[in-house]
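Participant: sequence first, then the predicted structure:
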Amino acid sequence: MNPLPPSPRDALVELIEQGALPAEQIPAALQLTRLHPSLTDWRHFIDKLLLWLGSLAITFALLFFIAYNWTDLGRFAKFALVQAFMVLGIAAYWRWHRDALIGKVALLVTCIGLGVLLALYGQTYQTGADPWQLFFNWALLMLPWALIARFPAIWILWLALINLSGVLYYRTFDGLWGFMLWSDIGLYWLLLAINMPALIVWELLSKKLSWLDEAWAVRLIAVGCGIPATWLALHNIFDNAETLWPMLAWLVFSAGLFFYYRKINVDVFMLAGGCLSAIVVIVAFFANFLSSGIDEAGIFLLLALLIIGLTSVAAMWLRSVQREQQV
């Protein structure tokens, strides 16, 4: 693994700290290294921001317009509005599909419009379907568009729909496929079973497909894995579970996360998330262990000291990892 070259900002900060750069020359150095965004950079950023905000505003405006005028609009008018919106979105993608952003954003809002159409259909004809079916069918129908677009935001929306449909299915039937999975922690197992393979597949495919190489997307999926894994460990601690499988699952997840994002693909954000999960579990373990032998004031004092110590060690370690990548 090759270390990352130091960024211009870090190199400039190091020169300033070493006194190699006089104070009166710092503004000129900032201008030469272009650390401050130029007018062109600001225009590019504002252009993208307005595109995203405008597209989402139009999408939600359609939803709120139909909801507000529900009694005044006939069923055919409602369907015509949503379908016309989707046709315009597909036409925009067809027109600008080669663009890196405009066409893909158009297809993303079309995918959201598909959900509005499915909700409208279910509400108009009172199909009686369970809520989980709406989100599952939404994800199923938008899958071809996700494959065509090759846009991480659409895949994140698809994965979010799968998560939501799984949660709603579990709560509707009090389990999965007719039986409970480890009582009330079955939902955490289900979320981990959905998101963990997604994280692994995303990381593997991102090495071959450049459009998947988006840090924000893979980090969001990792958060979707870390939260249920941490809850499994907390359940094992506080509920005195007879089986150690939840804690073992958290240990395997944490070990895999620290190994991969420390040795193979260094990512300080992922390591920071792993440290946060470890701090939560360690503090929870000591809180449960000390709850029967010390008064509440003493427990709070010891836990506060423990949190300060753990966060300090984690911060120093993360800082050393970051510096190591810049050497």
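Facilitator: That came in fine, so what should we check first? Numbering: from 1, shown residues only.

Participant: for stretch 314-327, list the C-alpha coordinates in PDB.
Facilitator: The C-alpha trace of stretch 314-327 is given here as PDB (Å, rounded to 0.1, in the frame of the first residue of the first chain):
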ATOM      1  CA  ALA A 314      -8.800   7.100  19.700                       C
ATOM      2  CA  ALA A 315      -8.200  10.700  18.600                       C
ATOM      3  CA  MET A 316      -4.400  10.300  18.900                       C
ATOM      4  CA  TRP A 317      -4.400   7.000  17.000                       C
ATOM      5  CA  LEU A 318      -6.600   8.400  14.200                       C
ATOM      6  CA  ARG A 319      -4.300  11.500  14.000                       C
ATOM      7  CA  SER A 320      -1.300   9.200  13.700                       C
ATOM      8  CA  VAL A 321      -3.000   7.200  10.900                       C
ATOM      9  CA  GLN A 322      -3.700  10.400   9.000                       C
ATOM     10  CA  ARG A 323      -0.100  11.600   9.400                       C
ATOM     11  CA  GLU A 324       1.200   8.300   8.300                       C
ATOM     12  CA  GLN A 325      -0.700   8.600   5.000                       C
ATOM     13  CA  GLN A 326       0.900  12.000   4.300                       C
ATOM     14  CA  VAL A 327       4.500  10.900   4.800                       C
END
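
Participant: how far is it from where the chain is centred?
Facilitator: 24 Å (Cα atoms, centre = their mean, to the nearest Å).

Participant: list the buried residues in it.
Facilitator: 314, 321, 325 (16 or more other Cβ atoms under 10 Å). To be clear about C-beta, it is placed using only N, CA and C from the backbone, and glycine gets the same treatment.

Participant: just to check, the last one is in contact with residue 265?
Facilitator: Right, the one you point to is residue 325. No - assessed by Cβ atoms under 8 Å, residue 325 is found out of contact with residue 265, at 11.4 Å.

Participant: for residue 315, give its distance to residue 279.
Facilitator: The gap separating residue 315 from residue 279 is 11 Å, by Cβ to Cβ, to the nearest Å.

Participant: no, scratch that, I was asking about residue 257
Facilitator: Residue 257 is 14 Å from residue 279, by Cβ to Cβ.

Participant: the two: which is more packed in?
Facilitator: residue 257 (22 against 17; other Cβ atoms under 10 Å).

Participant: ok, residues contacting the helix or strand hosting residue 88?
Facilitator: For residue 88, the host element (DSSP states H and E) is helix 75-96. Residues outside helix 75-96 that contact it (Cβ atoms under 8 Å, 6 or more residues apart in numbering) are 59, 62, 65-66, 70, 73, 102-104, 106-107, 109-110, 113-114, 116-117, 120-121, 124, 149.

Participant: now do the contacts for the residue positioned nearest the centre of the chain.
Facilitator: Closest residue to the average C-alpha location of the chain: residue 220 at 2.0 Å, with Cα atoms, centre = their mean. Residues near residue 220 by Cβ under 8 Å, 6+ apart: residue 156.

Participant: quick one: buried residues of the helix or strand encompassing it?
Facilitator: Per DSSP H and E: residue 220 is located in helix 215-238. For helix 215-238, a neighbour-count test (16+ other Cβ under 10 Å) marks 217-218, 220-222, 224-237 as buried.

Participant: what does stretch 55-70 give?
Facilitator: Neighbour-count burial for stretch 55-70 [16+ other Cβ under 10 Å]: 55, 59, 62, 63, 66.
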